[in-house]
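A.B. asks: Sequence plus the predicted model coming up.
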Amino acid sequence: MKNSDQWRVSRDETNHNAALPAPHACAWFCLRSQPKHEHIAAAHLKKIAGVDVFLPRVRFQRSTHQGLVWVTEALFPNYLFARFDWHNALRQVQAARGVSRVVHFGDRWPVIETAIIAELQSAFGADELHTISSELLPGDVVQIAEGSLRGLHAVISRVMPSRERVAVLMDFLGRQTTIEVSAKAVIKEGSARAMVFQAQLKSSPATATTKRSN
């Protein structure tokens, strides 16, 4: 989940020319919450008239000393989204319990495109919750998320007994190549994490350079 903050900053940077909405017009902004207070911030923001709130969350299994347990946390830890009239409601929004600040860079207050929020809302549904399956199965389409092969698509051919490493087949340099990578280094296609990873890749200058060179 650490990459989610990088994604947010990159998306903000792509909107650096976005002007603030006209007075009495609402727009989506990214808010930073106090540590682990995203749900508290969302609850109090919903009490403010004229403010819409979106807090996408993911549910997944985490290893503990007692074994695997299901946990739920914000898709972007310490961040959430709110739609409001910046000119008239900024102070009230920033003063809401659990809110640290509305994300801005100096005198630039990035506006989040409505289409981006709509895409996330469609993916997470009315409950704003997406369950991430921990199962990787042969035939699953994945994307490499770490190392020199980052961004390449692959198909799982087998899962090792420990389930910590998988073997994948990739269309690499024009032919199928079998490699072994950590299960933590691959992202299953269609998952919420995959959507975030794709957005991060599109906004990465290094990725753009790699694509042009190919």
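C.D. replies: It's in. Numbering: from 1, shown residues only.
A.B. asks: just the helices in the protein please.
C.D. replies: 3-14, 38-45, 86-94, 114-124, 192-202, 205-213 (DSSP state H).
A.B. asks: Which segments of this protein make up each domain?
C.D. replies: 6-131, 141-199 (automatic domain parsing).
A.B. asks: Lowest average pLDDT across those?
C.D. replies: Out of these, domain 141-199 stands lowest, with a mean of 71 (criterion: mean pLDDT).
A.B. asks: I'd guessed residue 176 sits against residue 157; true?
C.D. replies: No - using C-beta atoms under 8 Å, residue 176 is not in contact with residue 157, being 9.7 Å away. Yep, even glycine has a C-beta here, placed from its N, CA and C like the rest.
A.B. asks: joint contacts of the two?
C.D. replies: Taking C-beta atoms under 8 Å, 6 or more residues apart in numbering as the contact criterion, the residues that touch both residue 176 and residue 157 are residue 169.
A.B. asks: Return the set of residues that bridge with residue 177.
C.D. replies: residue 170 (DSSP bridges).
A.B. asks: That one and residue 66, how far apart?
C.D. replies: Per C-beta to C-beta, to the nearest Å, residue 177 is found 40 Å from residue 66.
A.B. asks: Those two: who's more crowded?
C.D. replies: Remark: of residue 177 and residue 66, residue 177 carries more neighbours, 13 against 6, as counted by other C-beta atoms under 10 Å.
A.B. asks: Now residue 112. Nearest residue, chain neighbours left out?
C.D. replies: What sits nearest to residue 112 in space, not counting adjacent residues and going by C-beta to C-beta, 6 or more residues apart in numbering, is residue 28, at 4.0 Å.
A.B. asks: OK, contacts around that neighbour?
C.D. replies: In this structure, residue 28 makes contact with 54, 81-83, 111-114, 116-117, judged by C-beta under 8 Å, 6+ apart.
A.B. asks: try it again with 7 Å
C.D. replies: 81, 83, 111-112, 114, 117 (C-beta atoms under 7 Å, 6 or more residues apart in numbering).
A.B. asks: Please pick the buried ones from the residues you listed.
C.D. replies: Using 16 or more other C-beta atoms under 10 Å as the burial test, the contacts of residue 28 include 81, 83, 111-112, 117 as buried.
A.B. asks: could I get those residues as JSON lines with distance to residue 48?
C.D. replies: Shown next, in JSON lines, are those (distance: C-beta to C-beta, whole Å):
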{"residue": "81", "distance to residue 48": "14"}
{"residue": "83", "distance to residue 48": "11"}
{"residue": "111", "distance to residue 48": "19"}
{"residue": "112", "distance to residue 48": "18"}
{"residue": "117", "distance to residue 48": "18"}
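A.B. asks: Any idea how far stretch 30-49 is from the middle of the chain?
C.D. replies: 18 Å (C-alpha atoms, centre = their mean, to the nearest Å).
A.B. asks: Give me the distance between the two termini of that stretch.
C.D. replies: 18 Å (C-alpha to C-alpha, to the nearest Å).
A.B. asks: go on, stretch 157-177?
C.D. replies: Stretch 157-177: ends 11 Å apart by C-alpha to C-alpha.
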